[in-house]
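Novice: sequence first, then the predicted structure:
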Amino acid sequence: MEHLTEAARIRRAVLRFNRRLRQERGDGSLSPNQLSVLGHLYRHGPSTPGEVAAAERQRPQSLTRVFAELEAEGLVGRAPDPSDRRQSVLSLTGAGRRALEDDMAQRDAWLAGALESLGETERGVLLLAAAVMERLGDAG
């Protein structure tokens with residue numbers, strides 16, 4: 001039972017922290033779904049819409065509008081899949097990379113300022129926690 005209490009406390013803290021990071025994004029910034037698509041293409045390179053949707057645990061139909069918006073804004077490009085001409089492959093454009101990096105920089109700037117209020121030990125604990133959370137996030 002103690003592990004469930006620990007899990008709930010960690011979940012609440014992560015959600016609260018994530019909410020705060022979202023608040024630090026500028027007006028007119030990308031939607032969460034747009035960010036997740038751009039982030040996937042940034043990390044994994046060109047992908048089919050189905051691959052992006054599966055990685056984001058969504059149905060491809062749910063992201064159709066997001067793909068179209070990003071393409072219309074010049075943030076992603078779409079080309080026929082060389083191995084299956086019925087499919088398309090999405091790729092991050094230079095403008096898409098800049099938009100994603102600008103969004104990340106806004107949140108990183110807030111976080112860097114917030115970290116200055118912490119002691120060296122607290123920052124070290126957070127760095128260790130970040131490594132553990134990355135490992136948990138990558139676990140199957």
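Specialist: Here it is on my side, so go on.

Novice: separation between residue 41 and residue 63?
Specialist: Residue 41 sits 12 Å away from residue 63, going by C-beta to C-beta, to the nearest Å. (Glycine included, C-beta is placed from N, CA and C.)

Novice: meant to ask about residue 32, not that
Specialist: Applying C-beta to C-beta, the value for residue 32 to residue 63 is 12 Å.

Novice: what touches both of residue 41 and residue 63?
Specialist: Taking C-beta atoms under 8 Å, 6 or more residues apart in numbering as the contact rule, residue 41 and residue 63 both touch residue 52.

Novice: show me the contact partners of the longest strand along the chain.
Specialist: For the chain, the longest strand by residue count, based on DSSP state E, is strand 84-92. Applying C-beta under 8 Å, 6+ apart, the contact partners of strand 84-92 are 37-38, 41-42, 45-50, 52, 67, 71, 75-82, 100.

Novice: re the thing from before, of residue 32 and residue 63, who's got more company?
Specialist: Taking other C-beta atoms under 10 Å, residue 32 and residue 63 do not tie; residue 63 has more neighbours (22 against 11).
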